[in-house]
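A.B. asks: Take a look and give me a structure for this.
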Amino acid sequence: MTGKKLLVFHQGALGDLVVAFPSIRNLRKRFSPIHGICRSSLGKLACRAGIFDRAFSIESAVFSTLFTYPFDSKLIDFLKPYNASIWFSFSKDLEAAVRKQTSGSVFRISPRPGPSRRIHVAYHIEKNLVEMGLSDGLLLKGFDAAGRFVERGAVQVHKSVLSRILLHIGSGSPRKNWPLDRFKAVYDQLRAMDLDPVFLLGPAERHRETDLKGWAYLTPKDLIALHDCLKNADAYIGNDSGVTHLSAYLELPTVAVFGPSDPLRWRPVGPFVRVVVSNACSAFPCFETGKLHCEDCLGRIPPDSVVSAFLSLSPNDDVGL
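C.D. replies: Numbers count the residues shown, from 1 in each chain. Have a look, this model is predicted:
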């Protein structure tokens, strides 16, 4: 299928799409060009990262009949040039509708396994692509079902090669956010080590500027600026968030602080990642199970543990508290 035209559809948020980046990139061995349908801002980011050659906004009028059936003529004409399409969707009806309107090969992958399955989302995606005959499976040999890189002997990350450390305080849910005062304590410890910590406020955290008055912080205006900001940093510390996934994907030394979400499913995939997690909560992991009021698992994680994880960044180890 080398040289064949591929369309990838993904409705998810930043983290959901970034988790799929390695697998989509690996499809270039079989397809070129690769186009994407996703949220407008994510499409621009995916093009900047070299994942898509072109991206189409899911909000565009051409996709207005995508979930209403039957498809209108504009949507049918849009789908015709593609030799194959991959639909990250839970909808079997969508898959059936696309099959009726295109002569190309159609593949559907659930964006993530069910919440009771403790398997990494990236592993789930790649395993599906292998079973569909679309991937050679080499990515599965590179990391395990928990999202850890299995290659040993990678270069250790030492404090001597680190300077600009980005601290991202947000995520897609307040339930996943480590308290700001803990981030500030980490900031102070890093400053005492003659490092250069800087708070990072993505587009969704701009309202927190008043909470950081007097502290060094950056406010990239969009995901493209955020991507470039990460590329110019030396390391990153953040919550379980899409920005953290992007940091790890860009091979930035990354520390991820996990609370009610499951690192076995959502651990950032990258060669230099540490996860700090409190397993003390009796309901853990509860974020995807619908339980709204769990114990304060994030509050159990002290700043010293995050700083220690940062100073001992290596490709394979996690810190469990």
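A.B. asks: rest of the way, CA atoms for contacts and neighbours
C.D. replies: Fine.
A.B. asks: Hmm, Thr244 and Val254 touching each other?
C.D. replies: For the record, residue 254 is Thr, not Val. Yes - between Thr254 and Thr244 there is a contact at 7.4 Å, judged by CA atoms under 8 Å.
A.B. asks: so what sits against both of the two?
C.D. replies: 236-238 (CA atoms under 8 Å, 6 or more residues apart in numbering).
A.B. asks: Mark which of these are buried, thanks.
C.D. replies: Among those, the ones that count as buried by 16 or more other CA atoms under 10 Å are 236-238.
A.B. asks: Which single one of the shared contacts of Thr254 and Thr244 is nearest to Arg164?
C.D. replies: Nearest to Arg164 among the shared contacts of Thr254 and Thr244 is Tyr236, at 8.5 Å by CA to CA.
A.B. asks: Run through the bridge partners of that closest one.
C.D. replies: Leu166, Thr254 (DSSP bridges).
A.B. asks: what residue ranges in the protein score low on pLDDT?
C.D. replies: 1-2, 151-162, 279-285, 287-295, 314-321 (pLDDT under 70).
A.B. asks: let's see it at 80
C.D. replies: 1-3, 115-116, 143, 145-147, 149-162, 203-204, 279-297, 313-321 (pLDDT under 80).
A.B. asks: Show me it divided up by domain.
C.D. replies: Structural domains of the chain, as assigned by automatic domain parsing, span the residue ranges 4-142, 159-320.
A.B. asks: Could you export these as a markdown table, including distance to Arg148?
C.D. replies: Converted to a markdown table, the domains of the chain look like this (distance: least, CA to CA, whole Å):
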| stretch | distance to Arg148 |
| --- | --- |
| domain 4-142 | 8 |
| domain 159-320 | 6 |
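A.B. asks: quick one: which of these is nearest Val150?
C.D. replies: The nearest among the domains of the chain, by CA to CA, is domain 4-142 at 5.8 Å.
A.B. asks: what's the first-to-last distance across that closest one?
C.D. replies: 26 Å (CA to CA, to the nearest Å).
A.B. asks: Kindly report the same for stretch 87-98.
C.D. replies: 9 Å.
A.B. asks: That one: how far from the chain's middle?
C.D. replies: Offset of stretch 87-98 from its chain centre (CA atoms, centre = their mean, to the nearest Å): 22 Å.
A.B. asks: Point to the residue nearest the middle of the protein.
C.D. replies: Gly15 (3.0 Å; CA atoms, centre = their mean).
A.B. asks: List the contacts of it.
C.D. replies: With CA under 8 Å, 6+ apart, Gly15 has these contacts: 241-243, 245-246.
A.B. asks: what are the ranges of the helices in the stretch 151-300 of the chain?
C.D. replies: For the stretch 151-300 of the chain, applying DSSP state H, counting those that start in this stretch gives helices covering 180-192, 223-231, 242-249, 263-266.
A.B. asks: Out of those helices, which gets nearest to Arg117?
C.D. replies: helix 263-266 (8.2 Å).
A.B. asks: just the contacts of Gly15 now: which is nearest Arg30?
C.D. replies: Leu246 (24.4 Å).
A.B. asks: For that closest one, give its distance to Ser32.
C.D. replies: 23 Å.
A.B. asks: if you count what's nearby, which of the two comes out ahead?
C.D. replies: Per other CA atoms under 10 Å, whichever of Leu246 and Ser32 has more neighbours is Leu246, with 25 against 17.
A.B. asks: For the protein, which segments count as strands?
C.D. replies: Counting by DSSP state E, the segments of the chain that form strands are 4-10, 31-38, 54-57, 84-88, 105-109, 164-168, 196-200, 217-218, 235-239, 254-258, 273-277, 319-320.
A.B. asks: quick one: the fifth one to strand 4-10, angle?
C.D. replies: Spelled out, it's strand 105-109. 30 degrees (axes from the mean of the first three to the mean of the last three CA atoms, to 10 degrees).
A.B. asks: For strand 105-109, could you pull out the residues that count as buried?
C.D. replies: 106-109.
A.B. asks: can you redo these as a markdown table with distance to Phe183?
C.D. replies: Below are those laid out as a markdown table (distance: CA to CA, whole Å):
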| residue | distance to Phe183 |
| --- | --- |
| Val106 | 45 |
| Phe107 | 42 |
| Arg108 | 40 |
| Ile109 | 37 |
